[in-house]
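1. Fold the following and give me the result.
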Amino acid sequence: MTVEEIGPDDLKRKLDAGEEVQIVDIRSPSSFETGHIPGAENVPMDELPVRVGDIEWADDVVVACPVGQSSIQAARLISSFEGVGEDTAVRSLAGGYEAWEYELEADADTEA
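-> Have a look, this model is predicted:
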């Protein structure tokens, strides 16, 4: 199964336009906390097979990883899950975080 990719510029345009895009960040929680695409949900790759059934999938899903390789595998896994709608577009972020040149959102330390 071929996985479609979306470039960082196209994803940024969709986000800026207020389109509903579900971003699944498959990096480790520590990497996610240091900075992620605004609105991304952290589902580490090793947890994805057991958590895929717990996620409410949107019609537009983009999977992000460090360089855009693991996200292709994750997108295949998500696409093959029967809980994902037929009209759901599951894509990989081309080049991953290495190619993302826009602002990242970092998790604030909630302990003061």
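2. Do a quick rundown of the strands in the protein.
-> Remark: strands assigned in the chain by DSSP state E are 4-6, 22-25, 41-42, 60-64, 89-93.
3. got those strands as CSV, with distance to Glu33, mean pLDDT and mean neighbour count columns?
-> C-betas here are computed from N, CA, C, even on glycine. Shown next, in CSV, are the strands of the chain (distance: least, C-beta to C-beta, whole Å; pLDDT from 0 to 100; neighbours: other C-beta atoms under 10 Å):
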stretch, distance to Glu33, mean pLDDT, mean neighbour count
strand 4-6, 24, 96, 16
strand 22-25, 11, 97, 22
strand 41-42, 8, 96, 14
strand 60-64, 15, 96, 25
strand 89-93, 19, 96, 23
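4. Out of the ones you listed, which gets nearest to Ala99?
-> Of all the strands of the chain, it is strand 89-93 that lies closest to Ala99, at 7.5 Å by C-beta to C-beta.
5. For the protein, give the helix that spans the most residues.
-> Longest helix in the chain by number of residues, with DSSP state H as the criterion: helix 70-80.
6. quick revisit: for Ala74, which of the strands of the chain is the nearest?
-> Per C-beta to C-beta, nearest to Ala74 of those: strand 60-64, 4.7 Å.
7. related to what we said a few turns ago, what angle separates the longest helix of the chain from strand 60-64?
-> When axes from the mean of the first three to the mean of the last three C-alpha atoms, to 10 degrees is applied, the directions of helix 70-80 and strand 60-64 differ by 150 degrees.
8. who's in contact with stretch 28-37?
-> The contact list for stretch 28-37 (C-beta atoms under 8 Å, 6 or more residues apart in numbering) reads 11, 15, 23, 25, 27, 40, 42, 44, 64, 66, 100, 102, 104-107.
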